[in-house]
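Enquirer: Sequence plus predicted model, see below.
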Amino acid sequence: MTALGWLQILIFLAVLVALMRPLGLYMARVFEGERTFLDPVLKPVERLVYRLCGVNTEQEMNWREYAAAMLLFSFVSLLLTYLIERLQHFLPWNPQGFAGVEQALAWNTAVSFTTNTNWQSYVPEITMSYFTQMVGLAYHNFLSGAVGIAVAIALVRGIARRQSTTIGNFWVDATRGIFYVLLPLCLILAPVLIGQGVIQNLKPYTQAQTLEHSAQSQTIAQGPVASQEAIKMLGTNGGGFFNANSAHPFENPTPFSNFLEILAMLLIPAALTVTLGKMAGSPGHGWAVFACMFLLWFVALFCVYAAESQPHPLLHGVNQHASALQSGGNQEGKEVRFGIADSALFATTTTDVSCGAVDGAHDSFTPLGGMVVLANIMLGEIVFGGVGSGLYGMLIYVVLSVFIAGLMVGRTPEYLGKKIEGFDVKMAMLYVLIFPLVILTLTAISVLAPQMGLSSLSNNGPHGLTEILYAFTSSAGNNGSAFAGLNANTHWYNITLGFTMLAGRFLMMIPMLAIAGNLAQKKTVPPSPGTFPVNTSLFTILLTGIVLIVGALTFFPVLSLGPILEHLLLQHGILF
């Protein structure tokens, strides 16, 4: 670790904190229906969309109606993307003449982009046409991000409202999330990325003569990259236009573009904690939730940076120490233009915010560095998490924390004046248990089924286990990053990972919306001497402890068989 590396991290944090509060307050105004500076431009367009779609903006929904609208919308958009992939050879903007996508892969990809996962079992630049990339995939980046924000806002309304049977209108929330939040930010970020060198065109691929052998040619992929890159980061989607993702110089050409892409991943999830505090009438609570997220993020960043800064124990006689001429440490799988610090910052952020974009190869990290980025996802998409999904995931742990605090003092737990009762705790536990159940069950089946789960695995031993475990964890956590030693473009993985992504998204949204509806109906009670405050440092410590205990108790045994065992064997000179 170097002073320059930490300076870059501190500058990044300063910019994030400076931007998150105004954005968070702006989003509170957007979703509370208050006037914003964009109303003169966007309000007429918004009204037109409602009129064309037959949406009654005055009619709100209870939690069941809200969930049904969200599921129906997601199913239709999933089907549309599947059809675009299968029929892309008949559709325009296909200068390379790519054939229709194979059915199992098309299913996996459609599910992936619908669930905000963007897991990619294919090489994008030789599989997807420009039309599919823009109309099928980039379009879904907006929709899936807006769905996550809408559902989070519904839960915040459930917390804030008193004796209400409704939690908002899904169609209005999703539309405003696109028009007032995602689209304006993309219109700012995309031109800046183009200025940094991210390409944006509809040209056929370029054939270039190589310098080494003039008789040989190289195919250089082109495409509308910057427009997809902006929403990929701001919507915490993560799917790359190129197979190398944000390690590709056409997606992420400079250290400044790398800085902007990391900032874009964290900006909306961090700002939503400010939105929570504003809409719930307790700004201190929003900052307490942010403090918990920040603490978990920073500890993970420190661990990854420290692990990757260490010399590789099996490279003898090689200078691996940081100096003015080299970054030092484990440079395998990392871009030299970013170095250890920025690679660690990117990897930690993308696995904490459930984005999945990468500027390095996680599979080439040290065993402990790889374990930390895996553990980030295992915490349940709550350390800032995806846009919206990170906030509502953390609020589930808030419910559990105040419940445990109530048990410790022997009284009915309260959260911002509302009593947490049996139904709320049952739904919260259902949310928490679905995640490890899906991951561990399908990982175990894959390990025990050589013809299905092991046939496409390129590494044996604990590293191979980690690759399979990472795939199912990334899918259930709607992250999308991968340990690339596993070829997941098989019928087994395309199908099972598809169902894993659906379960990690929608089976967890439904109990969360049930909590939102139940909280909205409750009366508030005034605070008393026995009320546990949720806007203090003590609450932040309790919340952090609950998150770590649940994650550690659930996944520590399988981590012991994977990256921890691999680290111990590496010290004895054994590789996989």
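Expert: Perfect, I can see it now. Residues are numbered from 1 along each chain as shown.
Enquirer: Now the residue nearest to the spatial centre of the chain. Nearest residue, chain neighbours left out?
Expert: The residue lying closest to the centre of the chain (CA atoms, centre = their mean) is residue 354, at 1.8 Å. Leaving aside its sequence neighbours, residue 354 sits nearest to residue 386 (CB to CB, 6 or more residues apart in numbering; 3.9 Å). In short, each C-beta sits where N, CA and C put it, glycine included.
Enquirer: In stretch 155-166, which of the residues would be classed as buried?
Expert: 155, 156, 157, 158, 159, 160, 161, 164, 166 (16 or more other CB atoms under 10 Å).
Enquirer: So the last one belongs to a strand, correct?
Expert: Just to be clear, that refers to residue 166. No. Looking at residue 166 with DSSP: H, G, I helix; E, B strand; the rest coil, it is coil, so not inside a strand.
Enquirer: okay, now the closest residue to it other than its chain neighbours: neighbour count?
Expert: Distances taken as CB to CB, 6+ apart place residue 60 nearest to residue 166, at 3.7 Å, with adjacent residues excluded. Look at residue 60: counted by other CB atoms under 10 Å, it has 17 neighbours.
Enquirer: Check whether residue 60 sits in a helix, strand or coil.
Expert: At residue 60 the chain is in coil, as set by three-state DSSP.
Enquirer: Distance-wise, check it relative to residue 516.
Expert: Applying CB to CB, to the nearest Å, the value for residue 60 to residue 516 is 13 Å.
Enquirer: residues shared between the contacts of these two?
Expert: residue 167 (CB atoms under 8 Å, 6 or more residues apart in numbering).
Enquirer: ok, residue 60 - contacts?
Expert: Contacts of residue 60 by CB under 8 Å, 6+ apart are 166, 167, 168, 169.
Enquirer: Tell me which of the buried residues of stretch 155-166 fall in helices.
Expert: Of the buried residues of stretch 155-166, the ones assigned to helices by DSSP state H are 155, 156, 157, 158, 159, 160.
Enquirer: Before we move on, what's the pLDDT of the first one?
Expert: For residue 155, the pLDDT comes out at 95.
Enquirer: follow-up on the earlier one: mind picking the two most distant members of the ones in helices among the buried residues of stretch 155-166?
Expert: 155 and 160 (9.7 Å; CB to CB).
Enquirer: okay, residue 564: pLDDT?
Expert: 95.
Enquirer: average pLDDT for stretch 39-54?
Expert: Averaged across stretch 39-54, the pLDDT comes to 94.
Enquirer: buried ones in that stretch?
Expert: In stretch 39-54, counting by 16+ other CB under 10 Å, buried: 42, 46, 50.
Enquirer: do the same with stretch 3-16
Expert: Buried, per 16+ other CB under 10 Å, within stretch 3-16: 5, 8, 9, 12, 16.
Enquirer: which element is the fourth one on?
Expert: Taking DSSP states H and E as the criterion, the element that holds residue 12 is helix 3-31.
Enquirer: Tell me which other helices or strands that helix touches.
Expert: The contact analysis (3 or more CB pairs under 8 Å, 6 or more residues apart in numbering; DSSP states H and E) places helix 3-31 against helix 170-176, helix 255-279, helix 283-308, helix 339-352.
Enquirer: report the angle between the axes of the last one and helix 3-31?
Expert: Angle between the axes of helix 339-352 and helix 3-31 is 30 degrees (criterion: axes from the mean of the first three to the mean of the last three CA atoms, to 10 degrees).
Enquirer: cool, the longest one as well?
Expert: Angle between the axes of helix 283-308 and helix 3-31 is 150 degrees (criterion: the same axes, to 10 degrees).
Enquirer: Quick one: list the elements packing against helix 283-308.
Expert: The contact analysis (3+ CB pairs under 8 Å, 6+ apart) places helix 283-308 against helix 3-31, helix 255-279, helix 339-352, helix 367-378, helix 389-409, helix 537-559.
Enquirer: and among those, the most buried is which?
Expert: Among these, helix 339-352 has the highest mean neighbour count (mean count of other CB atoms under 10 Å), at a mean of 27.
Enquirer: mean confidence score for that helix?
Expert: Mean pLDDT, helix 339-352: 93.
Enquirer: Same check on stretch 508-518?
Expert: For stretch 508-518, mean pLDDT is 95.
Enquirer: how deep is residue 527 tucked in, by neighbour count?
Expert: Count around residue 527 with other CB under 10 Å applied: 12.
Enquirer: Now it: closest residue in space, sequence neighbours ignored.
Expert: Nearest to residue 527 is residue 417, by CB to CB, 6+ apart, at 7.0 Å.
Enquirer: does the one you found really touch residue 533, like I thought?
Expert: No. Using CB atoms under 8 Å, residue 417 makes no contact with residue 533, being 11.4 Å away.
Enquirer: Can you check which residues contact both of the two?
Expert: Each of residue 527 lies in contact with both residue 417 and residue 533 under the rule CB under 8 Å, 6+ apart.
Enquirer: any idea how far residue 353 is from residue 530?
Expert: Look at residue 353 and residue 530: by CB to CB, they are 36 Å apart.
Enquirer: Point out the least confident member of the buried residues of stretch 3-16, please.
Expert: Out of these, that is residue 5, at 87.
Enquirer: Quick one: residues contacting that residue.
Expert: 305, 339, 340, 341, 342.
Enquirer: the inter-axis angle of the helix or strand just after the helix holding residue 12 versus helix 3-31?
Expert: Beyond helix 3-31 in the direction of the C-terminus, DSSP H and E gives the next helix or strand as helix 39-53. Put simply, helix 39-53 runs at 60 degrees to helix 3-31, going by the same axes, to 10 degrees.
Enquirer: Please write out the alpha-carbon positions of the helix or strand that helix 39-53 is followed by in PDB.
Expert: Per DSSP H and E, the first helix or strand lying C-terminal to helix 39-53 is helix 63-86. Taking Å, rounded to 0.1, in the frame of the first residue of the first chain, the C-alpha atoms of helix 63-86 are listed here in PDB:
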ATOM      1  CA  TRP A  63     -48.200  -3.900  -1.400                       C
ATOM      2  CA  ARG A  64     -49.800  -6.800  -3.200                       C
ATOM      3  CA  GLU A  65     -50.900  -4.600  -6.200                       C
ATOM      4  CA  TYR A  66     -47.400  -3.000  -6.200                       C
ATOM      5  CA  ALA A  67     -45.700  -6.400  -6.200                       C
ATOM      6  CA  ALA A  68     -48.000  -7.700  -9.000                       C
ATOM      7  CA  ALA A  69     -47.300  -4.700 -11.200                       C
ATOM      8  CA  MET A  70     -43.600  -5.000 -10.600                       C
ATOM      9  CA  LEU A  71     -43.600  -8.700 -11.500                       C
ATOM     10  CA  LEU A  72     -45.800  -8.300 -14.600                       C
ATOM     11  CA  PHE A  73     -43.600  -5.400 -15.900                       C
ATOM     12  CA  SER A  74     -40.500  -7.500 -15.300                       C
ATOM     13  CA  PHE A  75     -41.900 -10.600 -17.000                       C
ATOM     14  CA  VAL A  76     -43.000  -8.700 -20.100                       C
ATOM     15  CA  SER A  77     -39.600  -6.900 -20.400                       C
ATOM     16  CA  LEU A  78     -37.800 -10.300 -19.900                       C
ATOM     17  CA  LEU A  79     -39.900 -11.800 -22.700                       C
ATOM     18  CA  LEU A  80     -39.200  -8.900 -25.000                       C
ATOM     19  CA  THR A  81     -35.400  -9.200 -24.500                       C
ATOM     20  CA  TYR A  82     -35.500 -12.900 -25.100                       C
ATOM     21  CA  LEU A  83     -37.300 -12.400 -28.400                       C
ATOM     22  CA  ILE A  84     -34.900  -9.700 -29.500                       C
ATOM     23  CA  GLU A  85     -31.900 -12.000 -28.900                       C
ATOM     24  CA  ARG A  86     -33.400 -14.900 -30.700                       C
END
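Enquirer: which of the residues in helix 63-86 are buried?
Expert: Residues of helix 63-86 classed as buried: 63, 65-67, 69-70, 73-74, 77-78, 80-82, 84-86 (neighbour count, 16+ other CB under 10 Å).
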